[in-house]
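K.L.:
next comes the sequence, and after it the predicted model I'd like to discuss.
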6 protein chains.
Amino acid sequence: MTIPLSQRALHELACHFLDEDVGAGDVTTLATIPEQAQGRGRLLAKATLVLAGLDVARAVFQAADGAVRLQNHVQDGAWLAPGTVFAELEGTARALLTAERVALNLLQRLSGIATLTRRYVETVQHTNVRIVDTRKTTPGLRLLEKYAVRVGGGFNHRFGLADGVLIKDNHIAMVGSLTKAVALVRASVSHLHKIEVEVDTLAQLEEALTAGVDAILLDNMTPEQTHDAVQRVRAAPGGESILLETSGGVTLESVRHYAEAGVDLISSGALTHSAAAVDISLELDVAV
Amino acid sequence: MTIPLSQRALHELACHFLDEDVGAGDVTTLATIPEQAQGRGRLLAKATLVLAGLDVARAVFQAADGAVRLQNHVQDGAWLAPGTVFAELEGTARALLTAERVALNLLQRLSGIATLTRRYVETVQHTNVRIVDTRKTTPGLRLLEKYAVRVGGGFNHRFGLADGVLIKDNHIAMVGSLTKAVALVRASVSHLHKIEVEVDTLAQLEEALTAGVDAILLDNMTPEQTHDAVQRVRAAPGGESILLETSGGVTLESVRHYAEAGVDLISSGALTHSAAAVDISLELDVAV
Amino acid sequence: MTIPLSQRALHELACHFLDEDVGAGDVTTLATIPEQAQGRGRLLAKATLVLAGLDVARAVFQAADGAVRLQNHVQDGAWLAPGTVFAELEGTARALLTAERVALNLLQRLSGIATLTRRYVETVQHTNVRIVDTRKTTPGLRLLEKYAVRVGGGFNHRFGLADGVLIKDNHIAMVGSLTKAVALVRASVSHLHKIEVEVDTLAQLEEALTAGVDAILLDNMTPEQTHDAVQRVRAAPGGESILLETSGGVTLESVRHYAEAGVDLISSGALTHSAAAVDISLELDVAV
Amino acid sequence: MTIPLSQRALHELACHFLDEDVGAGDVTTLATIPEQAQGRGRLLAKATLVLAGLDVARAVFQAADGAVRLQNHVQDGAWLAPGTVFAELEGTARALLTAERVALNLLQRLSGIATLTRRYVETVQHTNVRIVDTRKTTPGLRLLEKYAVRVGGGFNHRFGLADGVLIKDNHIAMVGSLTKAVALVRASVSHLHKIEVEVDTLAQLEEALTAGVDAILLDNMTPEQTHDAVQRVRAAPGGESILLETSGGVTLESVRHYAEAGVDLISSGALTHSAAAVDISLELDVAV
Amino acid sequence: MTIPLSQRALHELACHFLDEDVGAGDVTTLATIPEQAQGRGRLLAKATLVLAGLDVARAVFQAADGAVRLQNHVQDGAWLAPGTVFAELEGTARALLTAERVALNLLQRLSGIATLTRRYVETVQHTNVRIVDTRKTTPGLRLLEKYAVRVGGGFNHRFGLADGVLIKDNHIAMVGSLTKAVALVRASVSHLHKIEVEVDTLAQLEEALTAGVDAILLDNMTPEQTHDAVQRVRAAPGGESILLETSGGVTLESVRHYAEAGVDLISSGALTHSAAAVDISLELDVAV
Amino acid sequence: MTIPLSQRALHELACHFLDEDVGAGDVTTLATIPEQAQGRGRLLAKATLVLAGLDVARAVFQAADGAVRLQNHVQDGAWLAPGTVFAELEGTARALLTAERVALNLLQRLSGIATLTRRYVETVQHTNVRIVDTRKTTPGLRLLEKYAVRVGGGFNHRFGLADGVLIKDNHIAMVGSLTKAVALVRASVSHLHKIEVEVDTLAQLEEALTAGVDAILLDNMTPEQTHDAVQRVRAAPGGESILLETSGGVTLESVRHYAEAGVDLISSGALTHSAAAVDISLELDVAV
């Protein structure tokens, strides 16, 4: 699992986040800790969680001081029990103290997303459905949050508006009809992009089948409605190869029912916009 | 209530967030919607919430097209009932469609924080306690999230490591003693900064009182322990003017008990790191 | 036809290009032309060409002075005869003089690409083939050059490595086999992306058909080999819906033969990496 | 021959170009190639060319992964025969695959410019004339393209509007007379800058001689007219030390005649705006 | 003494300053000095001065070439006699020559500030007064100039408008009264910030004492007036703990009198806005 | 007199400087002044000075709020008597208060440079000598400081290392001889750049005359030595047209003697590195 950021881009992001917190200097640490003092630390899980963000945390500490070393004992994606020490740090005491908060803020958020995603994934693992994210990510953190979803076992939907076609209700309303919207898109879209359309009703579903799309997003349907829609599509000519996605109101409780309704993908904005931070802390040792 | 960002800085932030989502272009919208088509939209609450982020949302739409107009019917800080239309939009259909997601992502997050903060504030409004945030904000969004806390009726703790002194357990551990840490800070700190120290035990509390600090953070204490600590401080010479803050494990259920224990400030990381997004949506009209 | 750049991004790009040329100031113009002097100018084609880049040129002049007006008489995409005045300019004489070169450099390059593309497109207009570009664009100018290709009537291949899958010879060589490469991609790729694979031989073509891809790039084949390959694919089960692209050594002379061989797409790096600038000039009037 | 860019500026430029192509990640390579896989490659000329851009190519590969090594066998400026391997690469397979296209785009363009320049230079090497470039470079690539001209044996005209004075027809038209323009410039110009003026006619040439300039650009004259103009200037008092430049419509066929007409410099925009890319490719080996 | 800038931020600042001077290349050095030539240099004081800026100078030379080594013989803060060699340089001759001016510009300015500050500090060392700077720093250099003040033995007032409260005459005039201004600030200010108010008259001083502030800035008073004001404050209830600062028209001649008047802090804009550069030079050796 | 910065570049510089001071917000002003309150202000000279920086100050206030209006009564370059109101401001009270310090910092510095330069210029106005600046400017402010020199009546030497050739002692030492250094430069320098060489002795002066340079910098000579050197050069063949510059140790007292010694240019680093700030203040009115 790789963060799709160059070393330099990750470093710059880490510096940007650290700058936001440190500004004109960590006055408490500068006043109390000598420049040469060395420190050691242990990162530990304080709850049950799927870890995500080790490389990000390392980048943050190294943004504070390039000589900090972060040695991880596990990889991103591991389930950790409360109390597990998953990495050790070594470097100047100042860097460890100054970067601690930003590193933890990121680890806790990304691990929160990975943990929530993993729960969804495990709930539907008896099916072939893919759990996918949405564009409902925190502004500025999309690549990292989508990475955390993959760490959790999920898949990524579009990274942005440029790398995929999804015709939504508002497009259809403005163009006048789903059929016309599909035709317009087909005339200009890259030959490497599939066309997905969002449908709210069975009538729209029929129209989508006729218009000839590659994927259909079933929006805000109950598991039962979803089941019916799936049957309808699979029975249509060419319907076997159409990808079916469901979205809207899926919860950890209901996700199994959607999965068993036969869709290919279940997308959820909550994976990224409402995952609570999970508890991770840093224990520091007196300098040697 | 003002976002502490210049017009230009807010515009740049909005552009940065929009770029993350739009990249090389919103292929679906460009293919379906003519360049000149105009649209109208209504932003509406789909849950009970305290609104926060109107200026941010406006900046995002105007980052897509400077001519978009967002007319708000209420101000940030208002309690909204589900179904309330709180703003209307007018502009090119393309700009409305392309900026929708980023604007909603921000509105939902900031309103989520304001709503949670307001609940804490209302719970303790019979006391003089201030609900304050922490540095546990989303990297890249600190100023906006701290603004949302103020919109919710809370107050801001430090904006970063440079604008206040907080001597924490790790500083004390590395320096050797609380007394020594306070002395080091006093020798170099700006005369406009107060000195706050985090204490975990009554012994540390006594040491802090002797060392002569301006504020004390009571970390991870129960309401009862907090009550005792408050009594202790108030009874000490000069203790009346020392600010007392409690932090750690405060919840909507327990916050009243901490407030009634007599502290001046209650800080909570959950206000920013674990507030769930609240539901807000944009309804768009067919272009006229 | 819209440049997929926000107003602000286009403005910033224009400023960046202008800064490169102007640096610490246009010493000749500053010394000779008074600050208040106004000027008028006419942009004219000095060769037969397809115009591309009006909005870019406008952005460059306005980067020099926001009050410059560029009034165009035609739209991007028009065939112009030598001597045609296609736009008029009005603004401070200093801005017109200082921005002239950068604006012309861009207009000449983009129109050169549009003109060459249009010649390809017109040559194959009796078929359904799409002329498409490649990633062989000038570093820093990809969005603008791909826009010029569309202005010329061509289509765009991938905008970059993130928005489409193309398995090339080097991927296959490193993975060990085309079949394995396709399987690896299928397991992780976004459900909205099709899978295209480059093949050099008929054996690889067969392997691609078996592996089940969405599109096949026939690399460096003669028109005859291309014709055979097309027949082969169309005769295979499911082969009707596979997109066929040819690339490598296509020229204005040979393009017709490739088109008639039955492929869906013909891609050419020369459209962007070797289109010569076309002659466009700016005539300025004495200030009134 | 040195690129006038600091290591860091070259690195940043390389990163900027790579980002343009890679965006949110090279999906094909990430899916097919393991993170640890190593690769080797050979850069080879596929046409007769003057090589330019080795340091730029190295910077691009190292922007993808700082550990990539590019070992060159020749230096920029060497004439290469088709088939010549001029450099070898070693590094992670992912970095080699991901950076390949951008590196080749730059090498092909810069070598194209160097090759064309060299042909001009060799054509006039029996004279003392300097072949010089113009400001008709690709926006964003000026320093690199002017470097390629020097690699080809040419010289650089102004790097931008700030580092030299060239009074052009439009300046003269706006000011009212060449004489007045020269006087205005002389009153403010840095004492280290010479004054060059563009003339289209013999009358202007006489006026320039009287006004007392350091260099004269003979614009759009035939070789015969150029010869006459040279004679005129050399015969004038002080005319021996005036630099004479010719520009406009110079081709590989006509350049010898201009050179023999006795000018000091021949400038050509085509060196940079219309040099076709030369063919260079990268062969990659299966990882060991 | 540490510059409150990360290694990277200092490097970027150095690159920014170097770029301003070097632009498209140091044409003199590139023409005369071979790329491989090595050089050595000695930085020496040419006047009596307090040295400040060693790390900044090192960063500038390393911005030109990362391999340059600067070995310092003393630390920032040392008093140097004229002729003292305080550091030695080793690196490519080009880097040493190209970065020389920018490095010296910074060393001379920062040492000028440190030297002037030290003179003030030594003048009042028989008292407990702190010499503090102001916000009258050079735009773009605040962190460095405030560092130089600390090197000189001074203390820093606010780093900017966000990290401290200072109610000035213009605030009071606009709000209507000092009392009202203090009340407004108290209602919103961070609990970690003290409140300082500027007073011009004894009446305002009384109002400030009544309003209950943490610090008082006595603006533009004579030493005698200052003495009276100090007595007044110290005699008031709670007045012992109020910090007293004097500012305005303090000179090296008068500073002793202000200090002896009993204030806690003396601030001076001249420390940063009018300190003359001190003479430092770089001697370079022929390459070995 | 024009600042050689585009509107946008000046705006960005102003924003950068304002951000440095304002950071996360002007807490005092935000707490005391309502968002809608309007203010008026008067900028006035508090000493005798040559004004410089009106456009810069305007840009700073407008960076705080684009609607602020600054109406100037005089132009940059005017001599002002103490007490002169030279501009009036109107805008939101918050913007005026928040931007005040940065605007004054710039006005005071630039006017300080213009004033000092003017004194030099007026002292030598009975001669034809040009007072010129050096590269000893404040890092980050070069363009503005060089503008202030021109406002003062001075001229600009090189803007940086790229726009002019100046062979200095260190170049000569490293190359081996002045003659060789001149030859190396001549072989590569742009035909629009003159060649200047620094000489310390009469022997070097002779060598420079023989080598054939365009300008000679007489370094650290007394007025008498300068006089002798001028005579020597003027008597040499071609010496009439060689530009002579003197530098080093020139003061307001000695400048007349250097000027009368017959040089063409007198350069002084003190104009920019040691000009003290001149006193300018802003008076604000209660909002109406």
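P.N.:
Thanks, I have the structure now. Numbers count the residues shown, from 1 in each chain, chains lettered A, B, ... in the order given.
K.L.:
do whatever helix or strand A:Leu217 lives in and chain B meet?
P.N.:
Counting by DSSP states H and E, the element that carries A:Leu217 is strand A:215-219. No - counting by CB under 8 Å from any CB of the partner chain, chain B is not contacted by strand A:215-219; separation bottoms out at 12.2 Å. Where you see a C-beta, it was placed from the backbone N, CA and C, and this is true even at glycine.
K.L.:
for the helix or strand just after that strand, which outside residues touch it?
P.N.:
Once strand A:215-219 ends, the next helix or strand along the chain (criterion: DSSP H and E) is helix A:223-235. Contact with helix A:223-235 is made by A:202, A:205-206, A:209, A:216, A:218, A:221, A:239-240, A:242, A:244, A:246, A:254, A:257-258, A:260-263, as judged by CB atoms under 8 Å, 6 or more residues apart in numbering or on different chains.
K.L.:
now with 10 Å?
P.N.:
Residues outside helix A:223-235 that contact it (CB atoms under 10 Å, 6 or more residues apart in numbering or on different chains) are A:199, A:201-202, A:205-206, A:208-209, A:216, A:218, A:221-222, A:239-240, A:242-244, A:246, A:250, A:254-264, A:266.
K.L.:
what's the angle between that helix and strand A:215-219?
P.N.:
Put simply, helix A:223-235 runs at 160 degrees to strand A:215-219, going by axes from the mean of the first three to the mean of the last three CA atoms, to 10 degrees.
K.L.:
listing partners with orientation, what would you give for the helix or strand following helix A:223-235?
P.N.:
Downstream of helix A:223-235, the next assigned helix or strand under DSSP H and E is strand A:243-247. Using DSSP bridges, the strands paired with strand A:243-247 are strand A:215-219 (parallel), strand A:265-267 (parallel).
K.L.:
closest to B:Leu18 out of these?
P.N.:
Closest approach to B:Leu18 among these (CB to CB): strand A:265-267, 21.8 Å.
K.L.:
stretch A:120-133 close to chain C?
P.N.:
Yes - counting by CB under 10 Å from any CB of the partner chain, chain C is contacted by stretch A:120-133 at A:130, A:132.
K.L.:
ok, and for that stretch, which residues are buried?
P.N.:
Using 16 or more other CB atoms under 10 Å in any protein chain shown as the test for burial, stretch A:120-133 gives A:120-121, A:123-124, A:127, A:129-133.
K.L.:
one more: stretch A:38-46?
P.N.:
By 16+ other CB under 10 Å, the buried positions in stretch A:38-46 come out as A:39-41, A:43-45.
K.L.:
of those, closest to chain E?
P.N.:
A:Gly39 (16.3 Å; CB to the nearest CB).
K.L.:
so in that sheet, which strands flank the helix or strand containing the closest one, and in what orientation?
P.N.:
Taking DSSP H and E as the criterion, A:Gly39 maps to strand A:38-45. Its sheet considered, strand A:38-45 pairs with strand A:85-92 (antiparallel), strand A:280-285 (antiparallel) by DSSP bridges.
K.L.:
quick one: name the residues of the stretch 101-250 of chain A near chain D.
P.N.:
In this structure, the stretch 101-250 of chain A approaches chain D at residues A:142-143, A:146-147, A:156, A:158-160, A:162-163, judged by CB under 10 Å from any CB.
K.L.:
output these as CSV; include the columns secondary structure, distance to F:Met1 and pLDDT.
P.N.:
Formatted as CSV, those follow (DSSP: H, G, I helix; E, B strand; the rest coil; distance: CB to CB, whole Å; pLDDT from 0 to 100):
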residue, secondary structure, distance to F:Met1, pLDDT
A:Arg142, helix, 48, 97
A:Leu143, helix, 48, 97
A:Lys146, helix, 53, 97
A:Tyr147, helix, 54, 97
A:Asn156, coil, 56, 96
A:Arg158, coil, 53, 95
A:Phe159, coil, 50, 95
A:Gly160, coil, 47, 95
A:Ala162, coil, 46, 94
A:Asp163, coil, 50, 92
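K.L.:
helix/strand/coil for whatever residue of chain A ends up closest to chain D?
P.N.:
Residue of chain A nearest chain D, by CB to the nearest CB: A:Pro4 (2.9 Å). Assigned by DSSP: H, G, I helix; E, B strand; the rest coil, the conformation of A:Pro4 is coil.
K.L.:
now do the contacts for the residue nearest to it when sequence neighbours are not counted.
P.N.:
Here the nearest residue to A:Pro4 in space, its sequence neighbours aside, is D:Gly25; by CB to CB, 6 or more residues apart in numbering or on different chains that works out to 2.9 Å. For D:Gly25, the contacting residues are A:2-6, A:143, A:147, A:159, C:160-162, D:31, D:98, by CB under 10 Å, 6+ apart.
K.L.:
now the strands for the stretch 51-200 of chain A?
P.N.:
Taking DSSP state E, counting those that start in this stretch, the strands of the stretch 51-200 of chain A run over residues A:69-72, A:79-80, A:85-92, A:130-132, A:165-167, A:195-199.
K.L.:
OK, contacts around A:Asp163?
P.N.:
Taking CB under 10 Å, 6+ apart, we find A:Asp163 in contact with A:156-157, A:190, A:192-193, B:23-24, B:27, C:158-160, C:162-164, C:190, C:192-193, D:23-24, D:27.
K.L.:
hang on, the earlier thing: output the strands of the stretch 51-200 of chain A as JSON lines; include the columns mean pLDDT.
P.N.:
As requested, the strands of the stretch 51-200 of chain A are exported to JSON lines (pLDDT from 0 to 100):
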{"stretch": "strand A:69-72", "mean pLDDT": "98"}
{"stretch": "strand A:79-80", "mean pLDDT": "98"}
{"stretch": "strand A:85-92", "mean pLDDT": "97"}
{"stretch": "strand A:130-132", "mean pLDDT": "98"}
{"stretch": "strand A:165-167", "mean pLDDT": "97"}
{"stretch": "strand A:195-199", "mean pLDDT": "97"}
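K.L.:
return the residues of chain A in contact with chain E.
P.N.:
By CB under 10 Å from any CB, the residues of chain A that approach chain E are A:11-12, A:14-15, A:18-19, A:22-27, A:30, A:35, A:62-67, A:94-95, A:98-99.
K.L.:
just the buried residues out of these, in ChimeraX syntax.
P.N.:
Applying 16+ other CB under 10 Å to the residues of chain A next to chain E, the buried members can be selected in ChimeraX as follows:
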select /A:11,12,14,15,18,19,22,23,24,25,26,27,30,62,63,64,65,94,95,98,99
